[in-house]
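J.: predicted coordinates and the sequence they were generated for:
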Amino acid sequence: MSPPRHPVFRLPRDAVLPDYGDGGLLGLVGAIRRFLDGAPWSLPGEIAPAAGAGSAAPVVVFLLVDGLGDAFLQDFGAGSTLLAHRAGALTSVFPSTTASAVTTVLTGLSPASHGLTGWFIHDRRFGGVIAPLPMQKRSGGEVRGVLRLPRLFPYRTLFQGRRRPSVFVSPQHLAGSPYTRRHARGAQVVAYRGLAGMVEAVAASATALREAGGGYVHAYYPVFDSLSHLHGSTSPQVQAEFARIDEAFARLLARLAGSGAEVVVSADHGFTDSPDERLIHLDHHPQAVAMLVGPLFGERRAAFCEVRQGAEGEFEAWVREALAGKAVAVPSRELIASGLLGPGPRHRRLGERVGSHTLLMEPGWTVRDRVPGERNHPMLGVHGGLSASEMRVPLVRALC
């Protein structure tokens, strides 16, 4: 696997393309899969030690800190344990968002294959635009339907059918969610409360796996992301949360010292900020709304549109004129062909999931619309686009 070829269409300024090989999250998941299948542990691009070598970690711990971009770590991590153990950077997938990237981490599939192309996806089987992680419709109400989980998530997880066992360490409020239940199949689920609870759960799980001959611990921490959305990606609240995460990381290393476990830390995406003056309310542009079949889906930084048949050229011209310097409109078939959504067999509903056109937002800009019944979620910190701060995530490693 390798980075997608450079697209033939225009990209936003300073765009960073996703790497679906050794330099990206998908490559890291490939290394984890090989370890789970019985190979000695090594990071992507490293020469793996010989089978049975004493240097092969019997336990690998992967901590995913939702929203922790590499730029933030380097700009605000001076003196931190995390920065001291930074081994480099990876790219996220595209779109650079939780629904797409976390699903890649839990399945080993690219967004093109698993089909979760943003926080919101379009799936006419469930009434149109839905948020698959919380299983909610954009217009409000729960996503319902016979066999809704296997129909929305028809793939196997990273943990199923592997030689080594896995433990999935999840925040308590998410551990029983439909998304977690479906994507943790094949792993033991351990719920926790707060950072101290996470450290205890990870340490206890790693110890138990070591005594049983080795295995994999996947831990997920979401608070950094939620604070970044609410307060902004470099706010005092987010910096204070980073300090708490770093302290927890140091405690975890101390708990596992001498065990031979390797701890890897990364993220699903980074962040950028989009103040109100850089938010495009599509409802204020009725001529554009009239060209669309329905509401936007995807992300505020990478929005998918279904343009009415025959209005494609008019819509593209409107974006060039009205949104010059703010957004780029790309026919979604070209987006798929470029490889931006990744390699592998394409999800059978991928065309529906990306619509006819994609709005790739320029740095700092977002776009949104409203549907009746939808709750308003103000966001200063955002992600999903192709800027370096969104696309690059840290690669941190520590041998205990």
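T.: Perfect, I can see it now.
J.: most remote residue from this protein's center?
T.: Centroid-distance maximum for the chain: Gly310 at 34.3 Å, with C-alpha atoms, centre = their mean.
J.: distance of that residue from Val29?
T.: Separation of Gly310 from Val29 (C-beta to C-beta, to the nearest Å) stands at 42 Å. Heads up, the C-betas are built off the backbone N, CA and C, glycines and all.
J.: CA atoms of the helix or strand Phe168 falls within as CSV?
T.: For Phe168, the host element (DSSP states H and E) is strand 166-171. The C-alpha trace of strand 166-171 is given here as CSV (Å, rounded to 0.1, in the frame of the first residue of the first chain):
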residue,chain,number,x,y,z
SER,A,166,-7.1,-8.9,22.7
VAL,A,167,-8.6,-6.7,25.4
PHE,A,168,-10.7,-3.6,24.4
VAL,A,169,-10.5,-1.0,27.1
SER,A,170,-13.4,1.4,26.7
PRO,A,171,-14.9,4.4,28.6
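J.: by residue count, which helix of this structure is the longest?
T.: In the chain, with assignment by DSSP state H, the single longest helix is helix 236-256.
J.: buried set for that one?
T.: 238, 241-242, 245-246, 248-253, 255-256 (16 or more other C-beta atoms under 10 Å).
J.: can you name every helix or strand that that helix contacts?
T.: Counting contacts by 3 or more C-beta pairs under 8 Å, 6 or more residues apart in numbering; DSSP states H and E, helix 236-256 packs against strand 59-65, helix 70-76, helix 81-84, helix 194-211, helix 223-231, strand 262-266.
J.: go again with 6 Å.
T.: For helix 236-256, the elements it packs on are helix 81-84, helix 194-211, helix 223-231, judged by 3 or more C-beta pairs under 6 Å, 6 or more residues apart in numbering; DSSP states H and E.
J.: closest one to Val16 among these?
T.: Checking these against Val16 by C-beta to C-beta gives helix 223-231 as the closest, at 18.7 Å.
J.: tell me if Cys217 really is in a strand.
T.: If you look again at residue 217, you'll see it is Val, not Cys. Yes. Counting by DSSP: H, G, I helix; E, B strand; the rest coil, Val217 is part of a strand.
J.: skipping adjacent residues, who's closest to it in space?
T.: Val61 (4.5 Å; C-beta to C-beta, 6 or more residues apart in numbering).
J.: quick one: neighbours of the one you found, just the number.
T.: 27 (other C-beta atoms under 10 Å).
J.: avg pLDDT for the host helix or strand of Val189?
T.: Element membership for Val189, per DSSP H and E: strand 188-192. For strand 188-192, mean pLDDT is 98.
J.: sec struct for Leu174, please.
T.: helix.
J.: returning to that earlier point: got JSON lines for the buried residues of helix 236-256, with pLDDT and distance to Ala398 too?
T.: Below are those laid out as JSON lines (pLDDT from 0 to 100; distance: C-beta to C-beta, whole Å):
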{"residue": "Val238", "pLDDT": "98", "distance to Ala398": "23"}
{"residue": "Glu241", "pLDDT": "98", "distance to Ala398": "20"}
{"residue": "Phe242", "pLDDT": "98", "distance to Ala398": "17"}
{"residue": "Ile245", "pLDDT": "98", "distance to Ala398": "14"}
{"residue": "Asp246", "pLDDT": "98", "distance to Ala398": "12"}
{"residue": "Ala248", "pLDDT": "98", "distance to Ala398": "13"}
{"residue": "Phe249", "pLDDT": "98", "distance to Ala398": "8"}
{"residue": "Ala250", "pLDDT": "98", "distance to Ala398": "10"}
{"residue": "Arg251", "pLDDT": "98", "distance to Ala398": "12"}
{"residue": "Leu252", "pLDDT": "98", "distance to Ala398": "9"}
{"residue": "Leu253", "pLDDT": "98", "distance to Ala398": "5"}
{"residue": "Arg255", "pLDDT": "97", "distance to Ala398": "12"}
{"residue": "Leu256", "pLDDT": "97", "distance to Ala398": "9"}
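J.: so which of the helices and strands packed on helix 236-256 comes closest to Ser113?
T.: Comparison of those against Ser113 by C-beta to C-beta identifies helix 223-231 as nearest, at 23.9 Å.
J.: I'd like to check the angle between that closest one and strand 59-65, please.
T.: For helix 223-231 against strand 59-65, the angle by axes from the mean of the first three to the mean of the last three C-alpha atoms, to 10 degrees is 10 degrees.
J.: if you count neighbours, what's buried in helix 223-231?
T.: For helix 223-231, the neighbour count (16+ other C-beta under 10 Å) marks 223-225, 227-229, 231 as buried.
J.: quick one on the thing from earlier: export the longest helix of the chain as CSV, just CAs?
T.: What follows is helix 236-256, C-alpha atoms only, in CSV (Å, rounded to 0.1, in the frame of the first residue of the first chain):
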residue,chain,number,x,y,z
PRO,A,236,-6.3,26.4,28.2
GLN,A,237,-8.8,23.7,28.9
VAL,A,238,-7.3,21.4,26.2
GLN,A,239,-3.7,22.1,27.4
ALA,A,240,-4.7,21.2,30.9
GLU,A,241,-6.3,18.0,29.7
PHE,A,242,-3.1,17.1,27.8
ALA,A,243,-1.2,17.5,31.0
ARG,A,244,-3.5,15.0,32.7
ILE,A,245,-3.1,12.6,29.8
ASP,A,246,0.6,12.9,29.9
GLU,A,247,0.7,12.2,33.7
ALA,A,248,-1.5,9.2,33.1
PHE,A,249,0.9,7.9,30.4
ALA,A,250,3.8,8.3,32.8
ARG,A,251,2.0,6.4,35.5
LEU,A,252,1.2,3.6,33.0
LEU,A,253,4.8,3.3,32.0
ALA,A,254,5.8,3.1,35.7
ARG,A,255,3.1,0.4,36.3
LEU,A,256,4.4,-1.7,33.4
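J.: and the most centrally placed residue in the chain, what helix or strand is that in?
T.: Note on the chain: the residue nearest the mean C-alpha position is Ala101, at 2.6 Å, using C-alpha atoms, centre = their mean. According to DSSP H and E, Ala101 maps onto helix 98-107.
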